[in-house]
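Visitor: take a look and give me a structure for this.
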Amino acid sequence: MPEQFQQVKQLIRGFSLAFSPPTGSVSSRAAELVSWKVPDVDWWKLNGDGSVLATSGAAGIGGLIRELSGQWITYFSCFNGPSSIIFAELWSLRRGIELAVSLGCQKLVESDSMEAIILLLTSDIADHHPQDALIKDTRVFLSRIPAFFQVHA
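Guide: This next block holds a predicted model:
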């Protein structure tokens, strides 16, 4: 029970931070309407994201895996320290795929990290990319999921 309490406490802290007023500079960009789309029967859906504070470069990731009815299967979040946005996006994708593999996922849909997915699925890019080790590590986990595809919601 204490472990579940800590998980809930961590989740609440993450939501509190997500809805707190920004502390750094905020860039203006066009709003994009995004909604959750139900995965097909027997598929799980990974929604993950990475973010970086403009003021400090501190990065974090978070995400969740849901099933057909929208019920959470699991979630994740962590602080990554200073990094680039693509590192945070790749790390979020890797962590989500790793969790899906550990839970026996056979069919996974990912719907957030278009740039990270392109890096992951472009076979010759890893050797020339600053995040090549992370890309290759993520590919190892991805190879353990029989069916995977990406859609941008």
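
Visitor: what does the helix or strand hosting residue 149 rub up against?
Guide: Assigning secondary structure by DSSP states H and E places residue 149 in strand 147-150. Contacts to strand 147-150, defined as CB atoms under 8 Å, 6 or more residues apart in numbering, come from residues 43, 106-111, 114, 117, 121, 142. Bear in mind the C-beta positions are built from the backbone N, C-alpha and C, glycine included.

Visitor: in CSV, list those residues along with neighbour count, pLDDT and secondary structure.
Guide: As requested, those are exported to CSV (neighbours: other CB atoms under 10 Å; pLDDT from 0 to 100; DSSP: H, G, I helix; E, B strand; the rest coil):
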residue, neighbour count, pLDDT, secondary structure
43, 17, 94, coil
106, 13, 96, coil
107, 17, 95, strand
108, 22, 95, strand
109, 21, 90, strand
110, 27, 84, strand
111, 19, 71, coil
114, 13, 82, helix
117, 22, 84, helix
121, 14, 81, helix
142, 20, 92, helix
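
Visitor: residue 44 is in contact with residue 100, isn't it?
Guide: Yes - if you go by CB atoms under 8 Å, residue 44 and residue 100 touch, sitting 6.2 Å apart.

Visitor: the chain: strands as residue ranges?
Guide: Along the chain, counting by DSSP state E, strands occupy 44-52, 58-66, 72-82, 107-110, 147-150.

Visitor: which of those strands has the lowest average pLDDT?
Guide: When the strands of the chain are compared on mean pLDDT, strand 147-150 scores lowest, with a mean of 84.

Visitor: how far out from the middle of the chain is that strand?
Guide: Remark: strand 147-150 is offset 14 Å from the chain centroid, using CA atoms, centre = their mean, to the nearest Å.

Visitor: starting from it, tell me which strands it pairs with and how they run.
Guide: Strand pairing for strand 147-150, using DSSP bridges, gives strand 107-110 (parallel).

Visitor: now find how far off-centre the strand it pairs with is within its chain.
Guide: Centroid separation for strand 107-110 versus its chain: 12 Å, with CA atoms, centre = their mean.

Visitor: beta partners for the residue sitting nearest the centre point of the chain?
Guide: The centre of the chain sits closest to residue 48, judged by CA atoms, centre = their mean, with a distance of 2.5 Å. With DSSP bridges as the criterion, residue 48 is bridged to residue 63.

Visitor: with that, I have no additional questions.
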